[in-house]
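Enquirer: got a sequence here, can you build the structure:
(one chain, ligands or ions: 1)
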Amino acid sequence: MSIHDELNGIRERALQQIALVHNLRELDDVRVAFAGKKGELTAVLRGMGALSQEERPLVGKLANEVRAQLEKALDDRKVVLEQEALTNQIASETVDITLPGRQLYPLGHQHLVNSIIEEIEDFFCGIGYRVVTGPHVETEYYNFTALNTPPDHPSRSARDTFYVVDDSCGADGSITTGVAGESNVLLRTQTSGVQVHTMESQKPPIYMICPGAVFRPDAADPCHLPQFHQVEGLVVDKGITFGDLKGTLDAFCKAMFGQDRATRYRPHFFPFTEPSCEVDISCGVCHGKGCRFCKNSGWLEILGCGMVDPNVLSMSGIDPEEYSGFAFGIGVERVACLRYDLPDLRMLVEGDMRFLRQF
Ligand code: DAH
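Expert: Numbering: from 1, shown residues only. Purely as a prediction, here's the structure:
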C-alpha cells in the first residue's frame, strides 16, 4: 500500500470513528489512537524520513492536510459532545416542582380540651368578659369557706378533696390547722374559688371567666377523671337578675351546640348560689324524644349556675344591697363528650394518636 493510500485510509477511519463516539472519553481514545505519540498518523509522519526527495513534499502536504482535518474533526466533535453533556446534566438536575413533598413529621395540633376552652373563651370575650386565672393549690378558705360551704359539708372530706401535706411543716404533717395530720391546703376541687380572688382584688362591675384544671380523688372510669377542667364564670354588677343569667347561658349553649338546641333550668343546690340551677340542653341525638345517649330523658346536663349568694358577696367585701350577680361552672370534658358523643372520658387523657388525630 502506498503511503498516500495509507494516509487516506487513516483519514477515512479516523473521521468515521470520530463521528461514532458517544462521549468525550471515547473521543480522546480516538485522538490517542491516531494522533497520539504512538498513534497511526504519528507513525506515518515519523516514517517520512525514508521517502525520496520528490515524494517528501507531496506526502508532507497530504499528511498535514490529514492532520489538520483530523484536529478540526476532533475539535468540532468535542464541542458537540460537550454541549450534549451539558444538556444531559441540566436535564438530569432539573427539580420537578410538581412532585408532592415528603412530610417528615405529622404536624401536631391543639388538644381537644384546649380547643374547647378556647372556644368558650372566644364566646365570653366576645360579649365583654375578661379571662382570669387562679392557683391550682388553694386553701380551704377559698375552695370552701368563702363559698359559703358549711364546715361539715361532705365535699370537704379527704374522700372528696386532695389535701396537700407538706412533710417539712412538722413531724405530724400539720400545716396551719393545728389539727395533727390535717392540712388546710388542698388541690382545688372547683374553679369557683377564683370568684373569691376576683371579688377581693377587683371592684364591680365584674364580668369574668376562669378556665383551668381541678382535682378530685376519683378513680378514672368512663364518667370520672381525677383531674379535669372547668370554666368558671362570674358577673357582679348593679341590677343583675336571673334573666341576665338565662339570656347569657342560653346564648352560650346555642353557640356551643347549635341554634336548634333548647335549654332547661332545673332547680339544684350549690352552697355559693341562691337560687341555683343545673342547665340541660336538648339531646342532639334524639332531639328531645329520648334515647340511650340521654338515658331516655331527652335532655343532657351541661353546667351548674345560680345567683351569687349574698353571703359570698359580703365575705368578699361587696355590698349585696348594692350589687347582685350570677355565676356558673362549665365542665370542659363534659362539653367534649356531648359534642363528639365520646363514650369514655379517659379517651381524652390516654394520648392515643388514633383518637387525638380526629379533632
Ligand atoms: N363548682 C361547681 C362544681 O364543681 C360548678 C358550679 C355550679 C359553679 C354553680 C358555679 C355555679 O359558679 O354557680 O360542680
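Enquirer: OK, contacts around L249?
Expert: Residues in contact with L249 (CB atoms under 8 Å, 6 or more residues apart in numbering) are 263, 279, 303, 305, 328. Any C-beta I mention is one placed from the backbone N, CA and C, and that applies to glycine too.
Enquirer: and it, that's in a strand?
Expert: No: with DSSP: H, G, I helix; E, B strand; the rest coil as the criterion, L249 is assigned helix and is not in a strand.
Enquirer: so what does the helix-or-strand element of the chain with minimal mean pLDDT touch, helix or strand wise?
Expert: Sorting the helices and strands of the chain by mean pLDDT, DSSP states H and E puts helix 40-46 at the bottom, at a mean of 86. With contacts defined as 3 or more CB pairs under 8 Å, 6 or more residues apart in numbering; DSSP states H and E, helix 40-46 has these neighbours: helix 3-20, helix 24-35, helix 55-93.
Enquirer: from the contacts of L249, which two are the most distant?
Expert: T263 and F328 (12.3 Å; CB to CB).
Enquirer: compare neighbour counts for these two and give me the winner.
Expert: F328 (23 against 19; other CB atoms under 10 Å).
Enquirer: report the beta-bridge partners for the more buried one.
Expert: G233, C305 (DSSP bridges).
Enquirer: against S2, how distant is it?
Expert: 117 Å (CB to CB, to the nearest Å).
Enquirer: buried sites along the least confident helix or strand of the chain?
Expert: Within helix 40-46, the residues scored as buried using 16 or more other CB atoms under 10 Å are 40-41, 44-45.
Enquirer: not counting that helix itself, show me its contacts.
Expert: 3, 6-7, 10, 14, 33-36, 63, 66-67, 70.
Enquirer: how about L41: what's its closest non-neighbour residue?
Expert: Using CB to CB, 6 or more residues apart in numbering and skipping the chain neighbours, the partner closest in space to L41 is F34 (5.0 Å).
Enquirer: circling back to that earlier point, hmm, which two among the buried residues of helix 40-46 are most spread apart?
Expert: Among the buried residues of helix 40-46, E40 and L45 lie farthest apart (CB to CB), at 9.9 Å.
Enquirer: follow-up on the earlier one: can I get the least confident helix or strand of the chain in CSV? Just the C-alpha atoms.
Expert: This file holds the C-alpha atoms of helix 40-46, laid out as CSV (Å, rounded to 0.1, in the frame of the first residue of the first chain):
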residue,chain,number,x,y,z
GLU,A,40,-1.2,5.7,13.4
LEU,A,41,-0.8,9.1,11.8
THR,A,42,2.3,9.9,14.0
ALA,A,43,3.8,6.7,13.0
VAL,A,44,3.4,7.6,9.3
LEU,A,45,4.8,11.0,9.8
ARG,A,46,7.8,9.5,11.6
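Enquirer: still on that earlier bit, mutual contacts of T263 and F328, please.
Expert: 249, 279.
Enquirer: hey, where'd the helices end up in the stretch 51-200 of the chain?
Expert: Remark: helices assigned in the stretch 51-200 of the chain by DSSP state H, counting those that start in this stretch are 55-93, 112-126, 140-143, 193-201.
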